[in-house]
Structures are given as structure tokens and as C-alpha cells.
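Asks: this one's sequence-less:
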């Protein structure tokens, strides 16, 4: 790993996050060695993983040829040709990835200041049990949110949510999330409307003393009510109660990053995701 233009404290933090990124897929994937790169391959149903820089690799940096080898293996296995990494930890990888024709998207990588005050909680936000009947709806909300990115009020609402939640009921992806929750690998929180419908949700995935907040999304018609920050507060409180010393996330864009910045998150790096052009 090569840390560029960072002070020692930030370098140590980035190293901690890099090791987290290497550890978190291993609970449900096998790792295939490609020298400077590692390909994570799911071992059951659920999220298809990605290629990323190999931790503690001390040889030459990844080249376009290395990326092509991983992509060929992904095609062989029927996996998405995707890579995820932190720009500052592997400064030469973006050029190598782009040389193979993949498109790279950048996202602010933010960490919660350990000295940040506790975020205010709300009574309409709570953690979910893996057997909660509301889990399907809670998992459906971010999917609708990310289909309409941004922070402005959108069009997808209760009708679309009900249809997607019904579709997810009994789906292997929902079963996998519930199993991860039972194992303590994933924690899910949601905000609820007065009728009991989940209108915002998110997760954190603890590994040791590090956890990442992921998938925080608000039903598009319910935006602009502070629900995303309320779910964030619930997840952060749980992470701190579990002893997490490092809590981080990737913001969807600069507008979202500014919102997180107001509650104690600070940008330390850039998360990159590479995929074939749409």
C-alpha cells in the first residue's frame, strides 16, 4: 500500500480502513490471488464482490495486464467486472484500470471524528431484528433511493416500496442479510412513518474496532426530513456501543458529503469504483 500526501495519523487511519476492506468480504467470499490484486468471489447467494489491491503486496504496482487477468477471471465466473479501492492507498491503479476500458467513479471517503458529540436520536428510528417483518421494506428503501440519486424529493413512494418489499420477501438476498444480522456481521436501522412503513434505512458492518456505514437511503418522496441523519445517528450509537473506534462511510456525492460533514464526519480520501461503461 502506498499512502500519498498524507500525515502519519491519516496514513495509519487509511491503513486501518484498507485492512477492513480486505477483511469484510471474507465472511462470505473466497479470495483469489492475482499478485498485486485480489479477487473476492462470493461463496453463496448475495452480493457479487469485486477486485481490489492486495493488502501487504510489496512487489510492483498493478498494471493494465494485471487488471485484464482479473477481468478475464470475472467473465469466466460470470461475475461483474468491477473493482473497488481507495485512491490514496493505490495511486497508480486508476490509470491501469482505465487503460482496460473501465469507467471509474469517485466518492468522498469520510471518517467520524472520535471527538464528535453524540448525534441526536429520534423515537421513529430503531435497530431491526433479523426476523422483523419490516426488514423487507427496510432493505427495499435504499434500492429505490439509489435509483433516484440526489437529495431532492423524488417520485418513488409508498406504492413502489410496497411492490419491491413484496418482491424481496423470500428472496435469497434478504435471507443473506438476515443471516449476517444474526451473526453480528451486519446491523440494520430504519426510520418509520406513523403507519409503520420504513421510509429510510441503512446498515453498518463491524469488523473488530472498525465499521463502515453502508446503504443509507431515504424513500425519495420522504426526503428533506432529516431521516438519513437520524438513521446515521442510530447506527453510530450502536457502533460506538460495540467498541468501534473507527466509523467511516463513502458519501454518494459532494452534496451528501457536506451533510455528513455537519455532524462530525470529515473527508480523508476518495473511494473509487470501476465498472464497464453503461
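Replies: Sure thing, it's come through. Since the model is a prediction, treat every value here as computed from it, not as a measurement.

Asks: what's the average pLDDT for the helix or strand containing residue 203?
Replies: Assigned by DSSP states H and E, residue 203 falls within strand 198-207. Mean per-residue pLDDT for strand 198-207: 98.

Asks: elements contacting that strand?
Replies: helix 135-147, strand 187-192, strand 210-218, helix 227-241 (3 or more CB pairs under 8 Å, 6 or more residues apart in numbering; DSSP states H and E). (Glycine included, C-beta is placed from N, CA and C.)

Asks: what's the spacing between the shortest one and its chain's center?
Replies: By that I understand strand 187-192. 15 Å (CA atoms, centre = their mean, to the nearest Å).

Asks: Any chance you could list what contacts it?
Replies: For strand 187-192, the external contacting residues (CB atoms under 8 Å, 6 or more residues apart in numbering) are 122, 124-128, 134-135, 137-139, 141, 177, 181, 198-206, 218, 227, 230-231, 234-235, 238-239.

Asks: Direction included, what does that strand pair against?
Replies: strand 125-127 (antiparallel), strand 198-207 (antiparallel) (DSSP bridges).

Asks: Looking at that strand now, give me its mean pLDDT.
Replies: Here the average pLDDT along strand 187-192 is 98.

Asks: quick one, that strand and strand 210-218 angle?
Replies: For strand 187-192 against strand 210-218, the angle by axes from the mean of the first three to the mean of the last three CA atoms, to 10 degrees is 20 degrees.

Asks: Measure how strand 187-192 sits relative to helix 135-147, angle-wise.
Replies: Using the same axes, to 10 degrees, strand 187-192 lies at 80 degrees relative to helix 135-147.

Asks: Show me what residue 214 bridges to in the sheet.
Replies: Applying DSSP bridges, one finds that residue 214 bridges with residue 203.

Asks: Does residue 266 belong to a helix, a strand or coil?
Replies: Under the three-state scheme (DSSP: H, G, I helix; E, B strand; the rest coil), residue 266 adopts strand.

Asks: do the same with the one 3 residues further on
Replies: At residue 269, secondary structure determined by three-state DSSP is strand.

Asks: now the one 3 residues further on
Replies: Recorded secondary structure, residue 272: strand (three-state DSSP).

Asks: That one: how many residues sit nearby?
Replies: 23 (other CB atoms under 10 Å).
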